[in-house]
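**Q** give me the fold of what follows.
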Amino acid sequence: MNWNDVYGSFKRFAAHTAVRLNQTADMATLQVALASAEKKLDEAYGLLGRVSYDHFSGDDDLSEKVLAAVKAVDQAREEVKDAQEKINEARRRAEAQNAAYEADKAARAAKAEAEARAEAERVAEEMARAAAAAREEQAAQAKHTPTAPITEENSGAEEKPTSKVVIPLTSLSDADDAVEVEVTLEESF
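**A** Residues are numbered from 1 along each chain as shown. Here you go, the predicted model:
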């Protein structure tokens with residue numbers, strides 16, 4: 001992960017936090033508007049109750065006042081309904097924004113995981129190539145480096161790396177019965 005990735009993640013987080021704060025502020029404002037509309041509705045119902053009581057309990061004809069109170073109740077109910085719809089719309093927008101943020105976050109996580117997997121595979125392949133090259137080099141060195149012959153003394157024992165030096169000795173004799181002698185010196189590292 002490089003600086004641009006960290007910075008980009010920080011910017012996205014800060015933007016998401018700002019959006020969430022705005023959503024919270026908007027929701028609080030809408031809740032206050034709803035509470036105000038509900039208070040108006042309660043007052044309108046109270047007024048309707050008082051006017052209706054006066055209309056039905058007295059001899060005066062207050063039907064116009066009752067009608068006005070009914071209209072005030074209807075208007076207050078519409079305001080409450082509008083406020084509730086605005087709150088529901090704000091919730092839907094917030095859920096959509098949060099879902100989009102979470103989807104983006106999941107996509108970025110999947111991309112980062114895929115990049116990490118690809119990097120791990122690349123490193124594993126590189127290590128496998130290095131190991132194969134090392135084995136080839138060891139095999140090449142083993143071909144050119146003589147080893148100690150296996151004797152009864154060292155056949156079951158733990159093998160120690162040895163260096164074998166072969167010094168050919170030649171005689172000056174041209175006779176048919178001349179013998180070639182080979183001397184081996186072993187050194188342990």
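**Q** quick one, strands of the chain?
**A** 162-169, 181-188 (DSSP state E).
**Q** ranking those strands by mean pLDDT, which is last?
**A** If those are sorted by mean pLDDT, strand 162-169 sits at the bottom with a mean of 52.
**Q** distance-wise, check Glu95 relative to Ala76.
**A** Noted for Glu95: a distance of 29 Å to Ala76, by C-beta to C-beta, to the nearest Å. No exception for glycine: its C-beta is placed from N, CA and C like everyone else's.
**Q** out of those two, which sits in the more crowded spot?
**A** Ala76 (21 against 11; other C-beta atoms under 10 Å).
**Q** got any ranges where the protein has weak pLDDT?
**A** The chain contains residues with pLDDT under 70 at 1, 144-189.
**Q** report the central residue of it.
**A** In the chain, the residue lying closest to the centroid (C-alpha atoms, centre = their mean) is Ala109, at 3.1 Å.
**Q** grab the nearest non-local neighbour of Ala72.
**A** Excluding its sequence neighbours, the residue lying closest to Ala72 (C-beta to C-beta, 6 or more residues apart in numbering) is Ala44, at 4.3 Å.
**Q** what's near enough to touch the one you found?
**A** 69, 72-73, 75-76 (C-beta atoms under 8 Å, 6 or more residues apart in numbering).
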